[in-house]
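Visitor: Fold the following, please.
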Amino acid sequence: MLNKFGPSGHGEAQVQYLDGDFRVISPGTYVRCAITDTRIPLDELKYWSVDLQEAYATPTAVLQRHYPDALKQS
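Guide: Numbers count the residues shown, from 1 in each chain. Have a look, this model is predicted:
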C-alpha cells in the first residue's frame, strides 16, 4: 500500500494488482477505471483484475468487463 510518510506523487499511479492487495510501482494519487476511465483514488480502490492488471470503479464495471452480456436487457 502507500507509504503515508513518503512522497505520494501527483497524478496517475502505476500499480501492480495482486490477490487481495496491490503494490504501487510509481507514486500517484489515483488509477483509472478500465471501463469508465473514471479516476479512482488509491485509498478508495476496491475492485481490480489480477489477470488483466486493470482497476474498476464499481462492481458494475467489473461485470461489464468479465460478463458483458449479463447487463444487456432483452
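Visitor: and the helix or strand bottoming out on mean pLDDT in the chain, what does it pack onto?
Guide: Least confident helix or strand of the chain, by mean pLDDT, DSSP states H and E, is helix 59-66 with a mean of 94. If you count contacts as 3 or more CB pairs under 8 Å, 6 or more residues apart in numbering; DSSP states H and E, helix 59-66 packs onto strand 47-49, strand 54-56. C-beta here means a position set from N, CA and C on the backbone, and glycine is covered the same way.
Visitor: buried set for it?
Guide: Using 16 or more other CB atoms under 10 Å as the test for burial, helix 59-66 gives A61, V62, Q64, R65.
Visitor: Chain neighbours aside, what residue packs nearest to the first one?
Guide: Nearest-residue entry for A61: I35, 4.1 Å, with adjacent residues in sequence omitted and distances by CB to CB, 6 or more residues apart in numbering.
Visitor: contacting residues for that neighbour?
Guide: Counting by CB atoms under 8 Å, 6 or more residues apart in numbering, I35 touches Y56, A57, A61, Q64, R65.
Visitor: One more pass at 10 Å, please.
Guide: E54, A55, Y56, A57, T58, T60, A61, V62, L63, Q64, R65, P68 (CB atoms under 10 Å, 6 or more residues apart in numbering).
Visitor: can you list those in JSON lines and add distance to F22?
Guide: Formatted as JSON lines, the contacts of I35 follow (distance: CB to CB, whole Å):
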{"residue": "E54", "distance to F22": "11"}
{"residue": "A55", "distance to F22": "8"}
{"residue": "Y56", "distance to F22": "12"}
{"residue": "A57", "distance to F22": "15"}
{"residue": "T58", "distance to F22": "17"}
{"residue": "T60", "distance to F22": "20"}
{"residue": "A61", "distance to F22": "16"}
{"residue": "V62", "distance to F22": "15"}
{"residue": "L63", "distance to F22": "20"}
{"residue": "Q64", "distance to F22": "21"}
{"residue": "R65", "distance to F22": "17"}
{"residue": "P68", "distance to F22": "24"}
